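> Here's my sequence, what's the structure:
(2 chains)
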Number of protein chains: 2
Amino acid sequence: MASLLRAATWGMFPWRGYCSRGTQGELSEGFVEALKAVVGSPHVTTAAVVREQHGHDESMHRCQPPDAVVWPQNVEQVSRLAALCYGQGVPIIPFGSGTGLEGGVCAVQGGVCVNLTHMDRILELNPEDFSVVVEPGVTRKALNSHLRDSGLWFPVDPGADASLCGMVATGASGTNAVRYGTMRDNVLNLEVVLPGGRLLHTAGPGRHFRKSAAGYNLTGLFVGSEGTLGLITAATLRLHPAPEATVAATCAFPSVQAAVDSTVHILQAAVPVARIEFLDDVMMDACNRHSKLNCCVAPTLFLEFHGSEQALAEQVQRTEEIIRHNGGSHFSWAKEAEDRSRLWAARHNAWYAALALRPGCKGYSTDVCVPISRLPEILVQTKEDLQASGLTGTIVGHVGDGNFHCILVVDPEDHEELLRVKAFAEQLVRRALALRGTCTGEHGIGLGKRQLLQEEVGTVGIETMRQLKATLDPRGLMNPGKVL
Amino acid sequence: MASLLRAATWGMFPWRGYCSRGTQGELSEGFVEALKAVVGSPHVTTAAVVREQHGHDESMHRCQPPDAVVWPQNVEQVSRLAALCYGQGVPIIPFGSGTGLEGGVCAVQGGVCVNLTHMDRILELNPEDFSVVVEPGVTRKALNSHLRDSGLWFPVDPGADASLCGMVATGASGTNAVRYGTMRDNVLNLEVVLPGGRLLHTAGPGRHFRKSAAGYNLTGLFVGSEGTLGLITAATLRLHPAPEATVAATCAFPSVQAAVDSTVHILQAAVPVARIEFLDDVMMDACNRHSKLNCCVAPTLFLEFHGSEQALAEQVQRTEEIIRHNGGSHFSWAKEAEDRSRLWAARHNAWYAALALRPGCKGYSTDVCVPISRLPEILVQTKEDLQASGLTGTIVGHVGDGNFHCILVVDPEDHEELLRVKAFAEQLVRRALALRGTCTGEHGIGLGKRQLLQEEVGTVGIETMRQLKATLDPRGLMNPGKVL
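This is a model prediction of the structure:
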């Protein structure tokens, strides 16, 4: 089992890959045999290299490997695993695609990592009801491939090809949220293995209605719970009609204020914009270089519209009027699929474009969300903070939601620079909190933002969350050390 | 205080107004004085007539008056009231507009009714952020009057002019939910006085961001909690751009199946219909007579579209094509505000139209929601059940959500008929549950559906809800006897 010492030594900034534990953890042989009895020998490992692969996500949080990794094949096995671990006091860490950004899978107290990717069936598609049931290993791209001929799609797109139940656990969102909502808005039901092994259907077994007023919203409680309340073994998701036609655009602005004003006006005019993404001048410059775009180096919006040809024409016309009125210029419309793909590939590759600003360095992505009216001031302040800190960073965000990221490019060997990154990131969150925002719009709390969550929700809020955690996980073994 | 005897004798069907308790309850004089010390003498009463007004909602549940009614003027007073009652073991029942339909305000164990309607200020409007903060006494119509010149509106419309925080507590929805969502989708933050008097801000004090992934979704837990977890003293709501233009329509169908098929096809075609309401032939007949309409006596859809003139033209054209393809006919378009008002007044008066079918009788409204694909079969079954039962009833519903109501018109003096109503209503819910639906799409559980909730969510679901209740209200004094 995990030593207290190990639990005490994890930190925010040491890089993944710096794992010192190459030996097997403290699980007894008998316990490992018991795991094998549940899922079969080939689906259990204590090999160091595999444990290390499971001890980190895509963030800068230090790798903290679990003591064993298991691959259950079905929900019954997950239930038996949970009962076994819980009975023995062994921490349980759910694992999906490993694409999280806040250290949510780090095994800070050791324990058993439950890799759910072998459970990857699409269990049920109900096209007339706009719903689908997926096992936890199904990724969003796999689902959308499956839906290709159905006239439906699942729009929540955090960038990475994350597992859908991982996206549930994180409360993910991304570029389409301004129109289609986040995971919170698109989950109809969850099958959850509770810490002791019991099976909960948050909206009742097999149910997939569009709305309900029946009792407490258990589904909502588990969306965004980051694996700390149970293991999500199936999700019933809400689907949307696939857009009949799509058009994308880029546009440059004289100032951050002008770009945000345009966004507010577009939303106020009820233009159903599907994506509206902000890139600051540094980010735009990096994307131009990395993705061979030819945009102005200026505050920029990337937009996308979904609808019929006729509806698109009107959306485009209204948007152009609003943007011109706010001083926007250099429109570039992308109507063909190929042009649109190139544009959004550039947006999704913003991370790599930023990294290319300092070859050999690593990236760190922050995530805050503020009321949209406060975006201009926080963006201006953040750019000043960046300059003052001497750090290299770009700003990119889902401006229609007030959500943005700062991608910092840092030298992993430079401890002093890492400290400056940490100070900058905390200052950014505190600025967001002072402007009535949240410390995370979509990445979650994980390891790194637990203190900031307390500042955000206050004493009573955090105590209420702690009470809920203690109620559903009285032994504190579900993904311990996260969120709270 | 309440006697066990009284708690045991409340029943589902005795009519409101049959209150036998005309005398003051069992609160001590000292306790009543303590209430007066908190809110001032004029804002406390133990008068029988006032207590009886507060012992029922608009449903058929028997009036069960509280022992006292208090009108706090601000959140500090609510907090002190909660601390006082909780400390003395006195039940607390929040009261808004009294327009609920499941007996949510009945004081089944006596106690203090906290009437929140004196707290009726709109505290803050943030037009650029599409958000508003309201005290609990603000009704949806008052809010929309206030918003009239802002270009924004709050679309959730359950019919009654309910208080907004009551709508939060019930998880209300109504005719616009198919496009704008329910209360679950439109609450950004809540200020809640917890049972012991502490103040919780579910998304942190003063925050009103559009999305967040910060910790457990406490807001979602309190929406639909029916006053059983705390007193909601302010709500931050999400606003929407007021529609630029509006057009409404009615249309007749050869069968229920044809009306539902049209609905599914309209949704699949991504027509952003704002309202799509189903009325069965009996309901349509009653509305024709009551509201002087001239519609076919047939399964009917009432529709409404919001958008620019140009967008409306396209929506209308597509909808007509789909409806004609499914055999719909007798279109009647209402473009002028006056015509639309008449149409929706008829829809909102469906209740009175149904009552007029049997003068002197009372109405009972059921509420279930199923996957939309299962609507035709449950509607056909329900009409057969109605005939077999010999009851008078109409069907009307939010067909785009799979949610419908059966309005039964019954003789309150006829005990045998009341029993048939009860049997019919339970059969309807069990049919909905068998079709993977929910026992309530919008009215809530209240008193009448507690057993059905258990059947819906199963043993683990109900135990999880009980655990949450016990955690947040360990003494079981917040609106006791409701939901669980």
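> Let me know how buried the spatially closest residue to residue A:272 that is not a sequence neighbour is, in neighbour terms.
If you skip the residues right next to it in sequence, residue A:272 has residue A:179 as its closest partner in space, 5.8 Å away by Cβ to Cβ, 6 or more residues apart in numbering or on different chains. Any C-beta I mention is one placed from the backbone N, CA and C, and that applies to glycine too. When counting by other Cβ atoms under 10 Å in any protein chain shown, one arrives at 18 neighbours for residue A:179.
> Also residue A:315?
Number of residues near residue A:315 (other Cβ under 10 Å) recorded here: 23.
> Need phi/psi at the residue nearest to residue A:272.
Comment: the main-chain dihedrals of residue A:179 come out as phi -100, psi -40, following degrees, to the nearest 10.
> how near is it to chain B?
Relative to chain B, residue A:179 is positioned 11 Å away (Cβ to the nearest Cβ, to the nearest Å).
> Please look at that residue and residue A:273 and confirm they touch.
Yes - here residue A:179 reaches residue A:273: they are 6.5 Å apart, a contact under Cβ atoms under 8 Å.
> ranges for the helices of the stretch 301-450 of chain A?
Along the stretch 301-450 of chain A, the stretches classed as helices by DSSP state H, counting those that start in this stretch are A:309-325, A:337-348, A:350-355, A:375-389, A:415-434, A:450-472.
> How are the strands of the stretch 1-150 of chain A distributed by residue range?
Ranges of strands within the stretch 1-150 of chain A are A:44-45, A:68-70, A:92-95, A:112-115, A:122-126, A:131-134, based on DSSP state E, counting those that start in this stretch.
> again, but for the stretch 151-300 of chain A
Counting by DSSP E, counting those that start in this stretch, the segments of the stretch 151-300 of chain A that form strands are A:152-153, A:187-193, A:199-201, A:231-238, A:240-241, A:245-252, A:273-279, A:300-307.
> Out of these, flag the one nearest residue A:84.
strand A:187-193 (11.8 Å; Cβ to Cβ).
> Describe which strands that closest one pairs with in its sheet and in which direction.
Paired strands of strand A:187-193, with direction, are strand A:199-201 (antiparallel), strand A:231-238 (antiparallel) (DSSP bridges).
> Reformat these into CSV and put distance to residue A:278 and mean neighbour count next to each item.
Formatted as CSV, the entries for those read as follows, by distance: least, Cβ to Cβ, whole Å; neighbours: other Cβ atoms under 10 Å in any protein chain shown:
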stretch, distance to residue A:278, mean neighbour count
strand A:199-201, 39, 21
strand A:231-238, 27, 26
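> Dump those strands to TSV, plus mean pLDDT.
TSV is the format used below for the strands paired with strand A:187-193 (pLDDT from 0 to 100):
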stretch	mean pLDDT
strand A:199-201	98
strand A:231-238	98
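> how about these, which one is nearest residue B:187?
Taking Cβ to Cβ, strand A:231-238 is the member of the strands paired with strand A:187-193 nearest to residue B:187, at 18.4 Å.
> And the closest one, how far out from the chain middle?
16 Å (Cα atoms, centre = their mean, to the nearest Å).
> Then stretch A:117-131?
Relative to where its chain is centred, stretch A:117-131 has its mean C-alpha point 21 Å off (Cα atoms, centre = their mean).
> Repeat that for stretch A:342-355.
17 Å.
> And for stretch A:145-157?
Averaging C-alpha positions (Cα atoms, centre = their mean) puts stretch A:145-157 20 Å from its chain's average.
> now stretch A:346-363
That offset, for stretch A:346-363, works out to 18 Å (Cα atoms, centre = their mean).
> Flag every buried residue along it.
Of the residues in stretch A:346-363, those buried under the neighbour-count criterion (16 or more other Cβ atoms under 10 Å in any protein chain shown) are A:346-351, A:353-357, A:361-363.
> With stretch A:368-388 instead?
Of all the residues in stretch A:368-388, those buried under the rule 16+ other Cβ under 10 Å are A:368-376, A:378-379, A:382-383, A:385-386.
> what does the stretch 301-450 of chain A have sitting close to chain B?
A:306-308, A:310-311, A:314, A:318, A:369-373, A:401-403, A:433, A:436-445, A:449 (Cβ under 8 Å from any Cβ of the partner chain).
> State the phi and psi torsions of residue A:137.
Dihedral angles of residue A:137 (phi, psi; degrees, to the nearest 10) stand at phi -80, psi -10.
> residues in contact with it?
Taking Cβ atoms under 8 Å, 6 or more residues apart in numbering or on different chains as the criterion, residue A:137 is in contact with A:96, A:116-120, A:163, A:165.
> can you do 7 Å?
Each residue near residue A:137 by Cβ atoms under 7 Å, 6 or more residues apart in numbering or on different chains is listed here: A:116-120, A:163.
> just those residues now: which is nearest chain B?
Of all these, residue A:163 has the smallest distance to chain B: 16.2 Å, by Cβ to the nearest Cβ.
> quick one: that closest one and residue A:134 touch, right?
No - because the distance of 9.0 Å does not satisfy Cβ atoms under 7 Å, residue A:163 is recorded as not touching residue A:134.
> between these two, who's got more neighbours?
Taking neighbours as other Cβ under 10 Å, residue A:163 and residue A:134 compare with residue A:163 leading, 30 against 27.
> what's across from the more buried one in the sheet?
Taking DSSP bridges as the rule, residue A:163 bridges to residue A:139.
> Report the contact partners of it.
By Cβ under 7 Å, 6+ apart, the residues touching residue A:163 are A:96-97, A:117, A:136-139.
> what do you get for residue A:74?
Under the criterion of Cβ under 7 Å, 6+ apart, the contact partners of residue A:74 comprise residue A:119.
> Go through stretch A:246-255 and flag the buried ones.
If you call a residue buried by 16+ other Cβ under 10 Å, then stretch A:246-255 has these buried ones: A:246-253.
> Spatially nearest residue to whatever residue of chain A ends up closest to chain B, not counting backbone neighbours?
Scanning chain A for proximity to chain B using Cβ to the nearest Cβ identifies residue A:220 as nearest, at 3.1 Å. Of all residues not flanking residue A:220 in the chain, residue B:220 sits nearest, at 3.1 Å (Cβ to Cβ, 6+ apart).
> wait, that neighbour sits on residue A:219?
No - using Cβ under 7 Å, residue B:220 makes no contact with residue A:219, being 8.3 Å away.
> hang on, the earlier thing: ChimeraX command for the buried members of the contacts of residue A:137?
Buried members of the contacts of residue A:137, identified by 16+ other Cβ under 10 Å, are gathered into one ChimeraX selection as follows:
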select /A:116,117,118,119,163
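> TSV for the contacts of residue A:137, including distance to residue B:413?
TSV is the format used below for the contacts of residue A:137 (distance: Cβ to Cβ, whole Å):
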residue	distance to residue B:413
A:116	60
A:117	64
A:118	64
A:119	58
A:120	61
A:163	60
